[in-house]
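**Student:** Return a 3D structure for these sequence lines:
(one chain, ligands or ions: 1)
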Amino acid sequence: MKYVISLGGSIINAGIIDVKLLKDLKIILEKSKHEYVIVCGGGKIARDYITAGKELNVPSVRLDEIGMAATCLNAELVSATLGVRRAKNIDEAVKNDKITVTNGLFPGVTTDFDAVAIAGIIQADAVINLSNVE
Ligand code: UTP
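**Tutor:** Numbering: from 1, shown residues only. Modelled structure (predicted):
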């Protein structure tokens, strides 16, 4: 089975990086026989920087780039933890490896969108949304 996980940035880092969660994720995924694409969100870092950018009159396109940079930082940590390279674009994200970790890919959307887009392309069996945001 193929799963896409939208791993909310607020789950990875709600102020403090959740090291235990990342350790548990590694153990679970290594035991699993399924394929996973994990799309990492930007969470609090993205929100803090975007809020500051808005106060500084940064154009919305650049705010999206700032948000995507936060998703890249989280994806670097998650991919390094899982011992895989970070998929940096949509082509790399849909290669059907056992475990793929990626970040925000398209300006103007969120990582939940990216996760669903990837799921459509790879014909995933399910999308799992891990978030603590309403
Ligand atoms: P997130 O996907 O992290 O926002 O993207 P979120 O929905 O608040 O997710 P949680 O909190 O991690 O669950 C953060 C921001 O990054 C930009 C957008 O501005 C988004 O609001 N972004 C993200 C993009 O422009 N494109 C993307 O593909 C992903």
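**Student:** Would you map the strands across this protein?
**Tutor:** Shown for the chain, the strands assigned by DSSP state E span residues 2-7, 35-40, 86-87, 99-102, 126-130.
**Student:** could those strands be laid out in CSV, adding distance to the ligand?
**Tutor:** Where C-beta positions appear, they are placed from N, C-alpha and C, glycine not excepted. Output for the strands of the chain, formatted as CSV (distance: least, CB to the nearest ligand atom, whole Å):
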stretch, distance to the ligand
strand 2-7, 7
strand 35-40, 8
strand 86-87, 13
strand 99-102, 10
strand 126-130, 8
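**Student:** what's near enough to touch the residue nearest to the spatial centre of the chain?
**Tutor:** With distances taken as CA atoms, centre = their mean, residue 40 lies nearest the centre of the chain, 1.2 Å away. By CB atoms under 8 Å, 6 or more residues apart in numbering, residue 40 lies in contact with 7, 9, 12, 71, 74, 75, 78, 101, 102, 103, 111.
**Student:** again, only this time at 7 Å
**Tutor:** Shown in contact with residue 40 (CB atoms under 7 Å, 6 or more residues apart in numbering): 7, 9, 12, 71, 74, 75, 78, 101, 103, 111.
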